[in-house]
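Asks: got a structure for you, letters missing:
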């Protein structure tokens with residue numbers, strides 16, 4: 001009986017702590033910016049869905065592609081596409097409610113600092129959408145879109161986090177630049193950024209932006225109502241408390257890697273490069289506690305057998 005109990009508890013512990021993962025280094029042939037180029041060039045069966053972030057909804061338009069062994073997400077107007085005022089993204093239709101997403105992020109700011117005076121400046125942010133339903137359009141006010149956690153990192157180091165609550169608009173839960181203490185700006189003005197941060201480089205050329213050849217490692221850890229962000233392995237701002245714990249009932253908790261949409265008088269478009277994507281499922285707190293209990297009981301049973 002003791003042996004059976006020990007075996008069962010060890011098996012339970014192993015099952016509870018097993019973490020599904022997606023690891024993608026994008027090491028495959030380049031894709032051209034055509035419909036579903038990310039999916040076509042994918043090796044290994046990760047079912048990305050190429051999409052855009054236009055106000056009209058999610059339309060497959062050639063907005064993301066593998067380029068030089070990285071994921072290129074478009075952020076510039078492209079008159080060769082049917083919708084020329086869109087930005088791009090790649091969506092993973094997984095169902096990971098509690099998840100940790102890590103990736104290398106590079107803003108391709110190559111034409112000087114972004115310009116424009118409109119308050120509606122979206123095109124210089126990386127947008128990570130967690131708990132995102134299939135086909136979700138950022139900012140749609142509908143009950144079945146509830147639960148979305150929209151995390152934006154701006155090229156000047158600022159962070160914006162919003163949560164979709166019911167049929168209401170996105171609610172700001174974080175809107176700040178950790179280095180300046182000021183509210184985030186979608187039109188990033190030069191900030192006071194360090195040349196190095198955490199375990200890696202940051203604003204190496206000290207121009208106030210994370211621009212070309214200045215990649216950082218960005219991570220988001222989401223569990224229940226708790227969200228923590230990390231840059232180069234260091235906590236980036238205080239922990240964030242959310243109101244909801246999952247996408248709306250009947251919807252999956254997908255993941256979107258996107259650029260926010262173009263708006264206002266922005267003069268410099270910004271593409272993004274994403275590399276070394278690592279998606280890990282976080283065990284539910286109850287499962288983790290049960291696993292620890294199982295491990296403790298198993299250890300106790302072994303001691304009694306001695």
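Replies: Perfect, I can see it now. For clarity, every value in this text was computed on a predicted model and none was experimentally measured.
Asks: so residue 235 makes contact with residue 228?
Replies: Yes: here residue 235 reaches residue 228: they are 6.4 Å apart, a contact under CB atoms under 8 Å. Glycine gets a C-beta too; all of them are placed from N, C-alpha and C.
Asks: can you give me the helices in the protein?
Replies: Taking DSSP state H as the test, the helices found in the chain are 2-17, 37-41, 285-305.
Asks: Of the ones you listed, which shows the lowest average pLDDT?
Replies: Among those, helix 2-17 carries the lowest mean pLDDT, a mean of 44.
Asks: dump the residue contacts of residue 203.
Replies: Neighbouring residues of residue 203 by CB atoms under 8 Å, 6 or more residues apart in numbering: 157, 193-195, 209-210, 214.
Asks: Neighbour-wise, give me the winner out of the residues you listed.
Replies: residue 210 (28 neighbours; other CB atoms under 10 Å).
Asks: which residues are in contact with stretch 229-244?
Replies: Taking CB under 8 Å, 6+ apart as the rule, stretch 229-244 contacts 131, 146-147, 149, 151, 159, 161, 163, 165, 171, 173-174, 176, 178, 197-200, 202, 216-221, 225-228.
Asks: Tell me which entries of those lie within strands.
Replies: 131, 149, 151, 159, 161, 163, 171, 173-174, 176, 197, 200, 216-221, 226-228 (DSSP state E).
Asks: which regions of the chain sit below the pLDDT cut-off?
Replies: Filtered on pLDDT under 70, the chain yields the residue ranges 1-20, 31-46, 52-62, 76-87, 110-124, 137-139, 185-191, 261-269, 285-306.
Asks: can you list the domains in it?
Replies: As given by automatic domain parsing, the domain ranges for the chain are 1-19+284-306, 21-282.
Asks: what about the closest residue to residue 197 other than its chain neighbours, neighbour count?
Replies: For residue 197, ignoring the flanking residues on the chain, the nearest one in space by CB to CB, 6 or more residues apart in numbering is residue 232 at 5.4 Å. Counted by other CB under 10 Å, the residues lying close to residue 232 total 17.
Asks: Residue 232 and residue 142, how far apart?
Replies: 37 Å (CB to CB, to the nearest Å).
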